[in-house]
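> Coordinates only, no sequence provided:
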């Protein structure tokens, strides 16, 4: 009976460890997704204001350096580098689409022997900038 109780306790503890680690990664990933969405919208809105021309109805050809500048300003304003460990980001422009990629490392609350103590996560967001 003692072996059964110890085995059951070990399984319960392992489930708690796994659920806690997965929950932490999920919550940080959700925050990273929201930050990427905000960054791409800040870049797209800033570029739309720069390239706005009346009545053409066409899409703008965007400046990649300006998109990177606007993305960096947004990430600085929300303190993203303080919220995410090892934050790395890129902002790319392809035609009329701005794409922001964020990646970060998450320290797991529990790291059983043999497990990795961190998890790498990433998030992408894209927006098209139309001229209005």
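Alright, I've got the coordinates. This structure is a prediction, so every number in the text was calculated from the model and none was measured.

> Output the contacting helices and strands for the helix or strand hosting residue 27.
Element membership for residue 27, per DSSP states H and E: helix 2-51. Judged by 3 or more CB pairs under 8 Å, 6 or more residues apart in numbering; DSSP states H and E, the packing partners of helix 2-51 are helix 64-77, helix 80-83, strand 85-94, strand 97-107, strand 118-128. The way it works is simple: take the backbone N, C-alpha and C, and place the C-beta from them, glycine included.

> the inter-axis angle of it versus strand 118-128?
30 degrees (axes from the mean of the first three to the mean of the last three CA atoms, to 10 degrees).

> tell me the average confidence for helix 2-51?
Mean pLDDT, computed over helix 2-51, is 92.

> Next one: residue 115 from residue 65, what distance?
If you measure residue 115 against residue 65 using CB to CB, to the nearest Å, the figure is 42 Å.

> Return the residues in contact with the nearest residue to residue 99 once chain neighbours are set aside.
Counting by CB to CB, 6 or more residues apart in numbering, residue 99 lies nearest to residue 126, which is 4.4 Å off, once chain neighbours are set aside. Residues in contact with residue 126, defined by CB atoms under 8 Å, 6 or more residues apart in numbering, are 40, 97, 98, 99, 100.

> repeat for residue 93
Taking CB under 8 Å, 6+ apart, we find residue 93 in contact with 62, 63, 64, 67, 99.

> what's the pLDDT at residue 70?
Reading off the per-residue confidence, residue 70 sits at a pLDDT of 94.

> I'd assumed residue 48 was in contact with it.
No: taking contacts as CB atoms under 8 Å, residue 70 lies outside contact range of residue 48: 10.6 Å.

> the more surrounded of those two?
When neighbours are counted by other CB atoms under 10 Å, residue 70 and residue 48 differ, and residue 70 comes out ahead with 24 against 17.

> Any figure for the gap between that one and residue 49?
Computed with CB to CB, the distance linking residue 70 and residue 49 is 10 Å.

> again, but for residue 74
Distance, residue 74 to residue 49, by CB to CB: 14 Å.

> Who has more neighbours out of the two?
residue 74 (21 against 10).
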